[in-house]
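**Student:** quick one, structure for this:
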Amino acid sequence: MPEIELANLREEIKQSETKSPGCSGETIEVAPVCTLKSVTVGSRINSRKQNIKCTEFEFHEDVPIRIMDAWADPDGSKTEKAESLIDKQVMTTTWRPEKYDPLKWCRNIYQA
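**Tutor:** This is a model prediction of the structure:
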């Protein structure tokens, strides 16, 4: 994808995210384009030793697995969308990237 198209898509994604419930002026980061390899629904243990349901996105590129906690996808629609994007180029979003590393966490997923 040409650089100008990619920049425009990033802006469209950011604008879409700002309209999401709960986004009140949060900083939104769009992670670099990666090719989705797998989507796994499971759980993780958080810092308070609580078991949290989550979805993990693994990529073909040498980047960390990204985690989307279930609270960000209460009806499972984002996970379902991600499953349809396996082997496609995608971008993920993170709110408050200063706290939540965009290469580790994600709030939503979009086809690039």
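**Student:** contacts, neighbours, all on C-alpha from now
**Tutor:** Noted.
**Student:** who touches the longest helix seen in the chain?
**Tutor:** In the chain, taking DSSP state H as the definition, the longest helix is helix 3-18. The contact list for helix 3-18 (Cα atoms under 8 Å, 6 or more residues apart in numbering) reads Cys23, Ser24, Gly25, Glu26, Ile28, Glu29, Val30, Tyr110, Ala112.
**Student:** show me just the buried residues among these.
**Tutor:** Among those, those buried by neighbour count (16 or more other Cα atoms under 10 Å) are Ile28, Glu29, Val30, Tyr110, Ala112.
**Student:** my read: the second one touches Met91, true?
**Tutor:** No: with contacts counted by Cα atoms under 8 Å, Glu29 stays clear of Met91, the gap being 10.1 Å.
**Student:** show me the residues around Val30 that make contact.
**Tutor:** Contacts of Val30 by Cα under 8 Å, 6+ apart are Arg10, Ile13, Lys14, Met91, Thr92, Thr93, Thr94, Pro102.
**Student:** return the member of those nearest to Val63.
**Tutor:** Relative to Val63, the closest of the contacts of Val30 is Pro102; by Cα to Cα it sits at 11.0 Å.
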